[in-house]
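A predicted structure for the sequence below; I have some questions about it.
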Amino acid sequence: MLKRLIPVVILALGIVGFMALRLTRPEPAPAVAQERSWPVEALSVSLVEHVPLLPLFGEVMAPEMINLVAPIEARVAARPVSDGQRVHEGELLVALDDADLFPPLRQAEAEVADLEAQLENEHIRHDNDRQVLAREREILASATRQLERNRALVARNLTSQADLDVARDNVARAQLNVTSRESAVAEFPSRLASLEARLARTQVMLATAQRDLERGRVHAPFEGRVTRVQVAPGDHVAARAPLLSLYPIDGLEMRARIPQRFRAEIEEHLTQGTPLLAIAERSEQRFVLERLAGESDPTGTEAIFSLESQAHGLRPGSMVTVQLERPAVANALAVPYAALHGPNLLYRINGDNRLERQHVERLGEIQKDEGERWLLVRAEELNEGDRVMATHLPNAMQGLRVEVTDGLVGKGINP
C-alpha cells in the first residue's frame with residue numbers, strides 16, 4: 001500500500017513546488033512601444049536669385065559656306081589647297097586649264113568684231129543708197145520730161161511712135177530704180193536693228209566668256225577653311241560640276257532645339273534685347289542666342305546661336321552640349337534631385353523632426369561647382385532657414401519621424 005502512495009506523494013509535491021515558484025516569480029517590466037526614426041540628410045533653405053540652366057544639344061553649322069563650281073567644261077590644271085586647310089583672302093584654290101578657257105573668249109571676240117564691221121558697212125551702204133537715190137530721182141525727172149516732149153512731138157507728127165515708146169521705157173526703168181533704192185533706204189533701220197541685236201547677243205556671250213575665264217581661277221573671297229574637295233589636278237570636269245567648298249572662320253553658328261514650353265519665355269527676352277548665353281560643357285566656348293527659327297514643330301523650335309569666342313576645334317557638323325542660361329529667377333531654392341519625391345514634392349523637417357509635405361514649382365536646374373546638377377524650386381510655405389530633407393525615402397509620408405544626420409546641414413547651396 002505504501003509503495004502505491006509514494007508516486008502520488010511525489011506528484012503532489014511537484015505540483016505544490018510549481019505553484020510556489022509561480023507565485024513567487026518577479027513581475028516583468030511592462031513593454032513600452034518606441035517609434036522608429038529614419039536617418040536622413042537635410043539642408044537649410046536659402047532663398048536667393050539663381051540663373052537656371054537649360055541643357056541643349058546643338059549642331060555647329062556654317063551658314064555662309066559657299067560651294068564653288070566649274071564655269072565650263074574644262075580640265076583642272078591646279079588645286080594647291082587640301083581639305084581642312086585654312087586659307088587667306090585672295091589665295092588661289094583651283095585653276096582650270098587655259099586651253100579650255102580661252103577658245104570661247106576668242107570666238108566671242110571674233111564674232112563681236114565681225115558684227116561691228118557689218119554695222120559699219122551697213123552705215124556706209126545706207127549713205128551710198130541715199131546719194132544714189134537722189135541721182136536716180138534726177139534721172140527719173142529727166143526721163144519724165146523727155147517723155148512729155150516726145151508726146152508733144154508725136155502730137156504734131158514731128159517724131160515717130162518708136163521714139164515715144166523708148167522714152168516711156170526709160171521712165172519705167174528710172175521709176176523702178178527709184179523704187180528699189182527707196183526700199184533699200186527704208187529697210188535700213190530694220191537691218192540696223194537686227195545687226196545691233198546680234199551684236200548685243202554676241203557681246204553678252206563675250207562677257208560670259210570673260211567671266212568664265214576669270215572664274216577659271218578660283219580665289220578665296222574671304223579667310224576661311226576648305227572643305228568638300230571633290231577634284232584633283234588632271235580631272236576633267238563638266239560645267240557646273242562642284243569643285244570644293246569654303247566657309248569663313250568666324251562665320252560658324254550653332255542650332256539647337258528648344259522645348260516648346262520654354263519658347264515663349266526665351267522669345268520675350270529676345271524681344272527685350274536681353275542677351276542669353278550658352279556655354280559648352282567641355283570646351284567652355286560661349287554662344288550668344290541670336291534668334292529663333294521661323295518654323296517650329298510640336299517638339300520645339302530651333303534656336304540659332306552665334307559663336308562669341310574663338311572657334312577652336314569646331315567644325316560644321318560638330319555636335320555640342322551646352323547649358324543655356326535662362327533668365328534669372330528670384331527667391332528660388334536649389335536642392336539635389338534626391339530631395340524630390342515625385343514630380344513636385346519636397347518634405348520639410350519641422351521642430352519635432354517630423355516630415356511635412358510641401359508642393360513646389362519646378363523652375364529649372366543649376367550646375368554646382370563640382371559639376372553636379374541641382375533642381376531649382378519655389379514653394380510658398382518654405383521660409384528662410386527651414387530644413388528640407390535631402391535624402392530620398394521611398395516610405396516618406398506626412399508626419400514620419402526622422403533623425404537628421406550631419407549630411408548637408410549648414411552647407412552652402414549657391415551654385
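Nice, I can see it.

residue boundaries of the helices in the stretch 1-150 of the chain?
Here the stretch 1-150 of the chain has its helices, by DSSP state H, counting those that start in this stretch, at 2-23, 98-155.

show me what counts as buried in stretch 167-176.
167, 170-171, 174-175 (16 or more other Cβ atoms under 10 Å). Glycine gets a C-beta too; all of them are placed from N, C-alpha and C.

take stretch 102-119, keep the C-alpha atoms, and write them as PDB.
Output in PDB follows, covering the C-alpha atoms of stretch 102-119 (Å, rounded to 0.1, in the frame of the first residue of the first chain):
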ATOM      1  CA  PHE A 102      40.500  80.900-123.900                       C
ATOM      2  CA  PRO A 103      38.800  79.400-127.000                       C
ATOM      3  CA  PRO A 104      35.200  80.500-126.100                       C
ATOM      4  CA  LEU A 105      36.600  84.000-125.400                       C
ATOM      5  CA  ARG A 106      38.500  84.200-128.700                       C
ATOM      6  CA  GLN A 107      35.400  83.000-130.600                       C
ATOM      7  CA  ALA A 108      33.200  85.600-128.900                       C
ATOM      8  CA  GLU A 109      35.700  88.400-129.600                       C
ATOM      9  CA  ALA A 110      35.800  87.400-133.300                       C
ATOM     10  CA  GLU A 111      32.000  87.400-133.600                       C
ATOM     11  CA  VAL A 112      31.800  90.800-132.000                       C
ATOM     12  CA  ALA A 113      34.400  92.200-134.400                       C
ATOM     13  CA  ASP A 114      32.600  90.700-137.400                       C
ATOM     14  CA  LEU A 115      29.300  92.200-136.400                       C
ATOM     15  CA  GLU A 116      30.900  95.600-135.700                       C
ATOM     16  CA  ALA A 117      32.300  95.500-139.200                       C
ATOM     17  CA  GLN A 118      28.900  94.600-140.600                       C
ATOM     18  CA  LEU A 119      27.400  97.600-138.800                       C
END
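
show me where the chain dips below the pLDDT cut-off.
1-5, 8-9, 16-18, 20-23, 25-34, 406-415 (pLDDT under 70).

how is it divided into domains?
39-52+329-404, 54-63+251-325, 66-97+214-247, 100-211 (automatic domain parsing).

dump the residue contacts of Ile6.
Under the criterion of Cβ atoms under 8 Å, 6 or more residues apart in numbering, Ile6 has no neighbours.

re earlier: so which of the buried residues of stretch 167-176 is the closest to Arg286?
Gln175 (92.9 Å; Cβ to Cβ).

ok, the closest one touching Ile139?
No: with contacts defined as Cβ atoms under 8 Å, Gln175 does not count as touching Ile139, sitting 9.9 Å away.

who's in contact with the residue minimising distance to the centre of the chain?
In the chain, the residue lying closest to the centroid (Cα atoms, centre = their mean) is Pro63, at 5.6 Å. Listed by Cβ under 8 Å, 6+ apart, the contact set of Pro63 reads 251, 253.

elements contacting the top strand by length along the chain?
For the chain, the longest strand by residue count, based on DSSP state E, is strand 286-297. Strand 286-297 sits against strand 253-258, helix 260-271, strand 277-280, strand 300-307, with contacts defined as 3 or more Cβ pairs under 8 Å, 6 or more residues apart in numbering; DSSP states H and E.

again, 6 Å this time
Under the contact criterion of 3 or more Cβ pairs under 6 Å, 6 or more residues apart in numbering; DSSP states H and E, strand 286-297 touches strand 277-280, strand 300-307.

export those strands to TSV and tack on mean neighbour count and distance to Leu96?
Listed next are these as TSV, based on neighbours: other Cβ atoms under 10 Å; distance: least, Cβ to Cβ, whole Å:
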stretch	mean neighbour count	distance to Leu96
strand 277-280	19	41
strand 300-307	19	34
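
need the ones you listed in a markdown table (columns: distance to Gln203).
Formatted as a markdown table, those follow (distance: least, Cβ to Cβ, whole Å):
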| stretch | distance to Gln203 |
| --- | --- |
| strand 277-280 | 53 |
| strand 300-307 | 44 |
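
which among those is found nearest to Asp212?
strand 300-307 (36.0 Å).

list the neighbouring strands of the closest one plus their orientation.
Here strand 300-307 has these sheet partners by DSSP bridges: strand 253-258 (antiparallel), strand 286-297 (antiparallel).

could you identify which of those strands is most buried?
Sort these by mean neighbour count, taking mean count of other Cβ atoms under 10 Å, and strand 253-258 sits at the top with a mean of 20.
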